[in-house]
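> What follows is a protein structure lacking sequence information:
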């Protein structure tokens with residue numbers, strides 16, 4: 001038997017369905033408070049943003065310190081979810097992580113599928129090459145260039161050097177290994193990661209970072225689409241960290257003049 005709804009009844013049924021959907025959509029910030037845990041996707045092999053400490057075997061790094069600051073501000077425990085560049089967004093979308101705190105560049109394409117906080121780090125893309133190689137970026141226009149899969153650097157190689165031969169790797173240590181054995185003539189990543197990579201390399205004297213920046217990249221915290229309360233809270237915490245100086249303290253701990261990866265802090269987290 002088929003029932004025919006009147007226009008008014010159909011409209012009422014549609015409205016009730018919308019209400020039910022709204023109720024079913026949980027507020028992720030509320031869920032974090034209820035669970036008492038913030039799950040943050042972080043790198044475990046991209047120093048100094050995220051790496052495994054040799055002594056404690058814990059994941060530490062610039063991003064980890066920010067993730068801890070978020071958890072502290074929310075009054076919950078921090079659970080780190082190790083990730084790589086290609087898996088960051090899937091972890092967030094699948095609900096296995098509440099935030100991406102893993103050196104993720106803000107791009108229009110990514111902004112279609114996740115939301116971003118205000119930038120908390122600014123970097124730029126550079127090349128790492130053997131010390132005897134050319135110091136001119138344009139000389140790598142037809143070279144084999146290693147990049148990490150799922151990164152903006154991988155895409156920018158194709159844009160800036162359409163005649164080059166990009167080779168993708170799961171993480172930056174694998175790309176560096178390919179450079180060492182001659183499978184690629186250069187590898188590319190944002191400047192801070194390359195500095196950290198080279199600082200810990202036993203053969204660092206054999207390589208150099210080219211000074212030219214291919215891009216200026218703003219790094220943000222990734223939040224699941226339409227989680228407006230959580231995004232607003234993340235931005236509020238970031239502003240607070242900048243205002244009270246903790247953001248500078250975190251930066252200096254990992255990029256200050258006495259670290260392995262010294263870089264001047266030429267940005268501020270927006271406070272307005």
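Cool, got the structure. Note that this is a predicted model, so its numbers are computed, not measured.

> now the strands for the chain?
With strands called from DSSP state E, the chain shows them at 37-43, 45-46, 50-52, 59-60, 77-83, 99-105, 114-116, 121-123, 125-130, 144-148, 165-169, 186-190, 207-209, 217-224.

> got the ones you listed as CSV, with mean neighbour count, mean pLDDT and distance to residue 177 columns?
For every residue, glycine as well, the C-beta is placed using N, CA and C. Formatted as CSV, the strands of the chain follow (neighbours: other Cβ atoms under 10 Å; pLDDT from 0 to 100; distance: least, Cβ to Cβ, whole Å):
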stretch, mean neighbour count, mean pLDDT, distance to residue 177
strand 37-43, 24, 98, 17
strand 45-46, 22, 90, 12
strand 50-52, 19, 96, 16
strand 59-60, 20, 98, 21
strand 77-83, 18, 98, 20
strand 99-105, 28, 96, 20
strand 114-116, 20, 98, 30
strand 121-123, 21, 92, 23
strand 125-130, 23, 96, 12
strand 144-148, 24, 96, 9
strand 165-169, 17, 96, 8
strand 186-190, 28, 95, 10
strand 207-209, 18, 95, 12
strand 217-224, 23, 96, 24
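
> any idea how far residue 264 is from residue 231?
Separation of residue 264 from residue 231 (Cβ to Cβ, to the nearest Å) stands at 29 Å.

> Repeat that for residue 110.
In terms of Cβ to Cβ, residue 110 sits 14 Å off from residue 231.

> now swap in residue 89 and tell me
Distance from residue 89 to residue 231, by Cβ to Cβ: 15 Å.

> again with residue 241
Taking Cβ to Cβ, one finds residue 241 at 16 Å from residue 231.

> So what are the structural domains in this protein, by residue number?
Following automatic domain parsing, one finds the domains of the chain at 28-122+218-255, 125-209.

> end-to-end on the shortest one?
End-to-end span of domain 125-209 (Cα to Cα, to the nearest Å): 10 Å.

> same thing with stretch 209-222?
Note: stretch 209-222 ends 28 Å apart using Cα to Cα.

> again with stretch 44-62
Stretch 44-62: ends 11 Å apart by Cα to Cα.
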